[in-house]
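Student: with the input below, show me the fold.
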Amino acid sequence: MGNIRCLIADIPQIMLADVIRKITEKQSGIEFVELTHEGEDIPRFVKDHGVDVVILGKSALSVSGTLNGIFEASPQVIAVSILEDGNRVCFCVEDVGPKELTDLLSVVAGDVLRKK
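Tutor: As a prediction, this is how the structure comes out:
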């Protein structure tokens with residue numbers, strides 16, 4: 001398996017976008033593809049550039065429409081939405097089966113419970 005190709009898109013807070021970019025660049029196995037800005041055609045970019053993971057920074061109210069377009073363009077992509085001020089994250093994965101769902105829950109819930 002090659003590098004995970006990661007796109008950072010629509011994060012209006014420049015400093016937050018820069019922090020996320022630096023985090024992704026430091027990780028081995030993750031390739032930072034590009035930083036896109038509001039108004040760019042994210043679904044087309046995802047399809048044309050073979051993106052594996054999209055990190056979105058749109059507000060919670062506007063994420064749904066963008067995600068529908070991304071999944072129509074590239075159903076295998078994983079979308080991560082950085083909500084509001086960066087303290088909330090939403091993962092969206094298309095066509096998840098029972099094993100994938102329980103794996104995701106174990107990782108996410110396990111991490112949250114360790115912090116308590």
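Student: what ranges do the strands span in the chain?
Tutor: With DSSP state E as the criterion, the chain has strands at 4-9, 30-36, 53-56, 78-83, 88-93.
Student: mind listing what's buried in the longest one?
Tutor: Buried residues in strand 30-36, counted by 16 or more other CB atoms under 10 Å: Ile30, Phe32, Val33, Leu35, Thr36. No exception for glycine: its C-beta is placed from N, CA and C like everyone else's.
Student: any weak-confidence spans in the chain?
Tutor: Where the chain drops to pLDDT under 70, the residues are 1, 37-39, 58-61, 84, 108-116.
Student: hmm, 80 instead?
Tutor: Residues of the chain meeting the criterion pLDDT under 80: 1-2, 10-14, 24, 27, 34-40, 57-65, 83-89, 93-98, 100-116.
Student: helices of that one, residue ranges please.
Tutor: Using DSSP state H, the helices found in the chain span residues 14-26, 42-49, 63-73, 98-115.
Student: right, I'll call it a day here.
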